[in-house]
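K.L.:
build me a model:
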Amino acid sequence: MNDRRGFIKLGLAGTAALVTGCITRQEDEATSGQAAATLAIPGPIVLSTWKHGLPANAKAWEVLGQGGSVLDAVEQGVAVVESDLTNRSVGLGGMPDRDGRVTLDACIQDHGGRAGAVAFVQRFEHPISIARAIMERTPHVMLVGAGAERWALENGFTPRDVEIPEVRKAWNDWLKESRYQPVANIENHDTIGMIAMDASGQLAGSCTTSGMAYKVHGRVGDSPIIGAGLFVDGEVGAACATGVGELVIRTAGSHTVVELMRHGRSPEEACREAVRRIVKQNPQLEGMQVGFLALRKDGAHGAWSVFNGFNYALNTTAGEQLVDAGHDRTLKA
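P.N.:
The predicted structure follows:
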């Protein structure tokens, strides 16, 4: 758990030193009228949430380097984390619900706004690939539960049974009190969201999760919901979210970030305003982290979170970094 907090101490100024591009300045109406600087970076660029975004970004970057589409990149990138059975917030290695079952959610969206999503599915290693198949093979956006599982079987996806003693023991221990209590930055609701742009300026995004540990069986968070956990608009940019999904759903968080960019906010300013709205709407937020990550169509990017501790992986032609996001509040030691 502490590994996540052992992130590289790289501030936004450090990130700026790694990239080249033109600097634009615009007013941040939410921060006392002070001007904020944002860097426009020519593609390709890949961003994803948390430290587990580093291996995901590496795969996405490889796909782009081999001539794959940006949609291929965001699918195959997060699939690396889905396959990591040591990860407790994504994929079949994730923490179960209160019935002891691991249920998975995912979505994907391309430059033109096409989208696919799957929610409340069990025993499939790559829900992100099912989401893409739904987008490409059906007239629908989202399939859920048993219907989604049947469709996946009929369309060539093979279920996989995974039993992890460590996870089973943690669930049995939890049953003794059966009390759910979110803890900010701890892997019970941390997802992976990825947004990317190729060298030609095409955007895409993906999001996948095993959801909250010990959630009510049937609960679906923001991760598979277009406009909440992920939103891509090829004319403006893309955004994704991580953290307590209920808070993101109530504010249509990722869509809000993209719309704020449409109306002139920088990526960081847009993420900060989306967080401000959540904080205002939910005064009792102790332990409830939410973070947003945004990419504008010119390559400018930024992030913001409710509490300190949220970071994101960044890949550009200058290299790979793990970057600390700005935050509104500081967690108590």
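
K.L.:
for the closest residue to Thr191 other than its chain neighbours, which residues make a bridge with it?
P.N.:
Nearest residue to Thr191 in three dimensions, chain neighbours excluded: Thr209, at 4.1 Å (C-beta to C-beta, 6 or more residues apart in numbering). No exception for glycine: its C-beta is placed from N, CA and C like everyone else's. On the basis of DSSP bridges, Thr209 is bridged to Asp105.

K.L.:
Thr209 reaches Asp105, doesn't it?
P.N.:
Yes - here Thr209 reaches Asp105: they are 5.5 Å apart, a contact under C-beta atoms under 8 Å.

K.L.:
any residues in contact with both of these two?
P.N.:
Common contact partners of Thr209 and Asp105 (C-beta atoms under 8 Å, 6 or more residues apart in numbering): Gly221, Ser223.

K.L.:
now for the residue nearest to Thr191, how many residues are close by?
P.N.:
A total of 30 residues lie near Thr209 under the criterion other C-beta atoms under 10 Å.

K.L.:
also Thr86?
P.N.:
With other C-beta under 10 Å as criterion, Thr86 counts 9.

K.L.:
and it, how close does it get to Met194?
P.N.:
Shown here: Thr86 relative to Met194, a distance of 19 Å by C-beta to C-beta, to the nearest Å.

K.L.:
run through the residues that contact the nearest residue to Gly91 once chain neighbours are set aside.
P.N.:
Of all residues not flanking Gly91 in the chain, Glu82 sits nearest, at 3.9 Å (C-beta to C-beta, 6+ apart). Applying C-beta under 8 Å, 6+ apart to Glu82 gives the contacts Val90, Gly91, Leu92, Glu125, His126, Pro127, Ile128, Thr208.

K.L.:
let's go with 6 Å and repeat that
P.N.:
Glu82 is in contact with Val90, Gly91, His126, Thr208, counting by C-beta atoms under 6 Å, 6 or more residues apart in numbering.

K.L.:
was I right about the third one contacting Gly77?
P.N.:
Put plainly, it is His126. No - His126 is beyond contact range of Gly77, at 11.9 Å (criterion: C-beta atoms under 6 Å).

K.L.:
quick check, pLDDT for the closest residue to Ala152 other than its chain neighbours.
P.N.:
Spatially, and ignoring its direct neighbours in sequence, Ala152 is nearest to Ile130 (5.0 Å; C-beta to C-beta, 6+ apart). Listed pLDDT for Ile130 reads 98.

K.L.:
looking at this, Ile130 is in a helix?
P.N.:
Yes - counting by DSSP: H, G, I helix; E, B strand; the rest coil, one finds Ile130 located in a helix.

K.L.:
what's the local residue count around it?
P.N.:
25.

K.L.:
which residues sit in contact with it?
P.N.:
Ile130 neighbours (C-beta under 6 Å, 6+ apart): Val118, Ala152, Phe157.

K.L.:
please report which of these has the highest neighbour count.
P.N.:
Val118 (29 neighbours).

K.L.:
what kind of secondary structure is that residue in?
P.N.:
Per three-state DSSP, Val118 ends up strand.

K.L.:
quick one: it from His327, how far?
P.N.:
Taken as C-beta to C-beta, the span from Val118 to His327 is 31 Å.

K.L.:
what of Val90?
P.N.:
Taken as C-beta to C-beta, the span from Val90 to His327 is 23 Å.

K.L.:
out of the two, which sits in the busier spot?
P.N.:
Shown here are Val90 and His327; by other C-beta under 10 Å, Val90 has more neighbours (30 against 19).

K.L.:
residues near the residue lying closest to the more buried one once chain neighbours are set aside, how many?
P.N.:
Leaving aside its chain neighbours, Val90 sits nearest to Val81 (4.8 Å; criterion: C-beta to C-beta, 6+ apart). Neighbours of Val81 under the rule other C-beta under 10 Å: 26.

K.L.:
my guess is Val81 meets Ser89, correct?
P.N.:
No - between Val81 and Ser89 there is no contact under C-beta under 6 Å: 9.0 Å.

K.L.:
and the contacts of Glu82, which two are the farthest apart?
P.N.:
Spanning the widest gap among those are Val90 and His126, at 10.9 Å by C-beta to C-beta.

K.L.:
which residues of this structure fall in helices?
P.N.:
2-5, 12-18, 53-65, 70-82, 127-137, 145-154, 165-175, 245-250, 253-262, 267-281 (DSSP state H).

K.L.:
now the second one: average pLDDT?
P.N.:
Helix 12-18 shows an average pLDDT of 37 in the prediction.

K.L.:
returning to that earlier point: pLDDT at the residue nearest to Val90, what is it?
P.N.:
Confidence for Val81, expressed as pLDDT, is 97.

K.L.:
then the one 3 residues further on?
P.N.:
pLDDT for Asp84: 96.

K.L.:
ok, now how distant is it from Thr208?
P.N.:
12 Å.

K.L.:
if we can go back for a sec, okay, His126 and Gly77: which has more neighbours?
P.N.:
Gly77 (29 against 23).

K.L.:
ignoring the adjacent residues along the chain, who's closest to that one?
P.N.:
Spatially, and ignoring its direct neighbours in sequence, Gly77 is nearest to Ala60 (3.3 Å; C-beta to C-beta, 6+ apart).
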